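Novice: Return atomic coordinates for the entry below.
(one chain, ligands or ions: 1)
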Amino acid sequence: MGGWVEYAQDIQQAGADALELNIYWIPTDPELSGAEVEAQYLEILKQVKAQVTIPVAVKLSPFFSNTANMAKRLCEAGADALVLFNRFYQPDIDIEALEVRPQLLLSTPQALRLPLHWIGILYGRIPADLAATSGIHNAQDVVRGLMAGAAVTQIVAALLRHGIDHLRSIERDLENWLAEHEYASVSQLRGTMSQQNCPDPSQFERVQYMKTLQTYHPFWLTHEENVKGHV
Ligand SMILES: Cc1cc2nc3c(=O)[nH]c(=O)nc-3n(C[C@H](O)[C@H](O)[C@H](O)COP(=O)(O)O)c2cc1C
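Specialist: Numbering: from 1, shown residues only. Presented below is the predicted three-dimensional model:
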């Protein structure tokens, strides 16, 4: 715990405008309860907040029993922003060499669904700003994140794949998209498709599961056949 607090002070003194506190922790002890894990998150945050005056964002795990409750309690403990979500290390098994190996797998576009879902649910319900991370690969993904309610979208995998210049093309595509759709700024988009503001809030919940299944089309159909509703 000491390290978090000391580094936070050093970072502020070095001139940072804000701090992202990545609580990268994969609890594996069966004796450790969920409540204890949650208490630890809150304790780390409180201690860091007590040492710095700059805004503190918390990058958190998607694995809480009730993410919305945890988000609310992190806000009460002083979080100025939440970064959704940490993408935890998941080792692979090499079945020939019989080894458990770290192997970096960059995110796919599907990874965006998890932060999109929770940002959409949390937007307008908690006072913290929200940042989306995982699966933001292009300008359309940035628009999705903003519409769900993100104030910020973060990009790593796409830059590793395409190089740093990809940022320029995302920015250009975003500007074009906003102009084509007659938005004056990104803030006009923010939260427009959150659970609170979207046309059908129930789409954010699992009660739509049967409906979701009905929208599934086998991948070998062409786009036109899918649109016509062939199954
Ligand atoms: C090579 C690599 C290094 C990373 N290092 C960090 C890190 O030091 N701290 C952190 O919070 N996240 C780190 N991440 C996670 C990213 O910040 C991000 O949450 C994750 O890659 C998902 O976003 P993406 O789909 O845009 O890649 C790293 C990711 C990659 C691929």
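
Novice: ok, the closest residue in space to Pro55 that isn't next to it in sequence - contacts?
Specialist: Spatial nearest neighbour of Pro55, excluding adjacent residues (C-beta to C-beta, 6 or more residues apart in numbering): Asp80 at 3.8 Å. To be clear about C-beta, it is placed using only N, CA and C from the backbone, and glycine gets the same treatment. By C-beta atoms under 8 Å, 6 or more residues apart in numbering, the contact list for Asp80 reads 18, 55-57, 128-129.

Novice: so which pair among the residues you listed is furthest apart in space?
Specialist: Ala18 and Ala128 (12.3 Å; C-beta to C-beta).

Novice: Which of the two has more residues huddled nearby?
Specialist: Between Ala18 and Ala128, counted using other C-beta atoms under 10 Å, the more crowded position is Ala128 (21 against 13).

Novice: Phi and psi next, for that one.
Specialist: Ala128 adopts backbone torsions of phi -70, psi 150, taken as degrees, to the nearest 10.

Novice: Equivalent analysis for Ala57, please.
Specialist: Ala57 adopts backbone torsions of phi -100, psi 150, taken as degrees, to the nearest 10.

Novice: sorry, back to before: quick one, grab the pLDDT at the residue nearest to Pro55.
Specialist: Asp80 carries a pLDDT value of 98.

Novice: and what of Arg113?
Specialist: At Arg113, the pLDDT value in this model is 96.

Novice: what sits against it?
Specialist: Counting by C-beta under 8 Å, 6+ apart, Arg113 touches Gly135.

Novice: Assign it to helix, strand or coil.
Specialist: Secondary structure, DSSP: H, G, I helix; E, B strand; the rest coil: Arg113 is helix.

Novice: Residue numbers of this structure in contact with the ligand?
Specialist: For the chain, the contact set with the ligand under C-beta under 6 Å from any ligand atom comprises 22, 59, 87, 107, 111, 133-136, 155-157.

Novice: Out of those residues, which one has the lowest pLDDT?
Specialist: Within the residues of the chain next to the ligand, pLDDT is lowest for Arg87, at 89.

Novice: would that residue count as being in a strand?
Specialist: No: if the criterion is three-state DSSP, then Arg87 is coil and not within a strand.

Novice: Would you agree Tyr183 is in contact with Leu189?
Specialist: Yes: counting by C-beta atoms under 8 Å, Leu189 is a contact partner of Tyr183 at 5.9 Å.

Novice: can you give me the strands in this protein?
Specialist: 19-22, 56-60, 81-84, 92-94, 99-101, 129-133, 152-154 (DSSP state E).

Novice: care to break this structure down by domain?
Specialist: Split into domains by automatic domain parsing, the chain comes to 2-199, 200-231.

Novice: follow-up on the earlier one: more neighbours: Tyr183 and Leu189, which one.
Specialist: Each of Tyr183 and Leu189 has its neighbours counted (other C-beta under 10 Å); Leu189 has more, 22 against 16.

Novice: Let me see the contact set for the more buried one.
Specialist: By C-beta under 8 Å, 6+ apart, the neighbours of Leu189 are 143, 146-147, 178, 183.

Novice: One more: Leu160?
Specialist: Leu106 are the contacts of Leu160 under C-beta under 8 Å, 6+ apart.
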